[in-house]
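Q: I'd like to go over a predicted model; first the sequence, then the structure.
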Amino acid sequence: MSHDHDHDHSELSDIELRVRALETLLTEKGYIDPPALDELIETYETKIGPKNGARVVAKAWTDTDYHARLMSDATSAIAELGFTGRQGEHMVAVENTSGVHNMVVCTLCSCYPWTVLGLPPVWYKSAPYRSRAVRDPRGVLKEFGVTLPEETEIKVWDSTAEVRYLVIPRRPKGTEGWSEERLSELVTRNSMIGTALALDPSNQEETA
Amino acid sequence: MTLPDAVQATPRLPLDQDGGPVFTAPWEARVFAMTLKAHQAGLFSWGEWAETLGAELAKDDPADTNPLNYYDHWLNAFEKILTAKDVTGAHQLAELKKAWDEAARATPHGDPIELSRIGR
């Protein structure tokens, strides 16, 4: 089911069309260089909402009732914390375990749950990332510095216009008794799309 | 990250505690970055930009129950300044919008939407 598509074509909102039209125009006239533009945008990518999803994950790690609600109805559980998508997108939480690692792909901004995850990284929207993640997820993860045991199953989820995924990374060892706030510092955007693990608290203390 | 002083002095620019810009959607960051790049390419001075944006922001009617958000005004102002500088016209922008709309509709969901003529 992870690769079913409910829509046969893509759609861009009026605002997205206007922004793309401007980018095409300025690119064709030589005023902007798309790679340089992407590079500048990368510097803002932590500026929009990634802490929302991190708080959801940290709460799920510490509150078993919340965890159960998140797994059965992520949209409502995320809304409980006051985070709702503008388009009211339907969210599904997929949880990493010792046996399963989840990874989410989608090349469209419009099906990327940025209200929860923050800005998508530039590479996330690239065609090579998506096709390789589907074909060779283990290889892609390795490039991100994530090496999983051979026996760990890797599930790749393809976001659709209706369903967007939030990966619940595994809670790092050595975080017993930590507050939700402190735990949320370990939850990166990449860990919530499954291209990274939650930060290792021993490294975190050094950098904090 | 912090922004140059002139940019920080943009009318009502939403900033975080570190003096960096904050956005509520990816497209907002994109149009913000394009504006900086267009300015750096010499299309307009930041003073001209602040004036154009200020004029758009001033259109807010306090009685409006569904006011435009900050970057809606920003996008309107950016189209306006590019038109005023003869970089483009309403017709050209409408054509490009239409091309992107057609490209999106012709793209299977999940594939990147591309305008083949710009080779991206």
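A: Received the coordinates, thanks. Numbers count the residues shown, from 1 in each chain, chains lettered A, B, ... in the order given.
Q: Nearest to chain B: which residue in chain A?
A: A:A21 (3.6 Å; CB to the nearest CB). Using the backbone N, CA and C atoms, a C-beta is placed for each residue, glycine as well.
Q: tell me which element the residue lying farthest from the centre of chain B falls in.
A: Distance from the centre of chain B peaks at B:P108, with 27.1 Å (CA atoms, centre = their mean). Using DSSP states H and E, B:P108 sits in no helix or strand.
Q: my guess is it meets A:H9, correct?
A: Yes - in terms of CB atoms under 8 Å, B:P108 counts as a neighbour of A:H9; the distance is 6.4 Å.
Q: count of residues packed around the nearest residue to B:L13 once chain neighbours are set aside?
A: Distance criterion CB to CB, 6 or more residues apart in numbering or on different chains; nearest residue to B:L13, sequence neighbours excluded, is B:P21 at 6.7 Å. Per other CB atoms under 10 Å in any protein chain shown, the neighbour tally for B:P21 reads 24.
Q: how about B:P21, what does it touch?
A: B:P21 makes contact with A:44, A:47, B:3, B:13-15, B:29, B:32, according to CB atoms under 8 Å, 6 or more residues apart in numbering or on different chains.
Q: Now the buried members of the residues you listed.
A: Taking 16 or more other CB atoms under 10 Å in any protein chain shown as the criterion, what is buried in the contacts of B:P21 is A:44, A:47, B:3, B:13, B:15, B:29, B:32.
Q: From the residues you listed, which land in helices?
A: Among those, the residues falling in helices (DSSP state H) are B:29, B:32.
Q: where's the residue of chain A closest to chain B, which helix or strand?
A: Assigned by DSSP H and E, A:A21 falls in helix A:14-28.
Q: what do you get for A:S131?
A: Using DSSP H and E, A:S131 falls in helix A:127-135.
Q: quick one: that helix near chain B?
A: Yes - counting by CB under 8 Å from any CB of the partner chain, chain B has neighbours in helix A:127-135: A:127, A:130.
Q: Next, the buried residues of whatever helix or strand comes next after that helix.
A: Beyond helix A:127-135 on the C-terminal side, the first helix or strand identified by DSSP H and E is helix A:137-143. Of all the residues in helix A:137-143, those buried under the rule 16+ other CB under 10 Å are A:137, A:140-141.
Q: One more: stretch B:32-50?
A: B:32-39, B:43-44, B:46, B:49-50.
Q: got the contact list for that stretch?
A: A:19, A:22-23, A:26, A:31-33, A:36-37, A:40-41, A:44, B:6-7, B:9-11, B:21, B:23, B:52, B:71, B:74, B:77-78, B:81-82, B:85, B:87.
Q: try 7 Å
A: Contact with stretch B:32-50 is made by A:22-23, A:26, A:31-32, A:36-37, A:40-41, B:6-7, B:10-11, B:21, B:78, B:81, B:85, B:87, as judged by CB atoms under 7 Å, 6 or more residues apart in numbering or on different chains.
Q: Can you flag the buried ones in those?
A: A:22-23, A:26, A:31-32, A:37, A:40-41, B:7, B:10-11, B:21, B:78, B:81, B:87.
Q: which among those gets closest to A:E153?
A: Nearest to A:E153 among the buried ones among the contacts of stretch B:32-50, counting by CB to CB, is A:I41 at 34.1 Å.
Q: quick check: angle from the following helix or strand past the helix holding A:A21 to helix A:14-28?
A: Later in the chain than helix A:14-28, the nearest helix or strand by DSSP H and E is helix A:34-42. For helix A:34-42 against helix A:14-28, the angle by axes from the mean of the first three to the mean of the last three CA atoms, to 10 degrees is 130 degrees.
Q: send the alpha carbons of helix A:34-42 over as CSV?
A: Provided in CSV are the C-alpha atoms of helix A:34-42 (Å, rounded to 0.1, in the frame of the first residue of the first chain):
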residue,chain,number,x,y,z
PRO,A,34,18.4,28.3,-8.7
PRO,A,35,21.2,26.4,-6.9
ALA,A,36,22.3,29.7,-5.1
LEU,A,37,18.7,30.3,-4.3
ASP,A,38,18.3,26.8,-2.8
GLU,A,39,21.5,27.4,-0.8
LEU,A,40,20.1,30.6,0.7
ILE,A,41,16.8,28.9,1.5
GLU,A,42,18.6,26.0,3.2
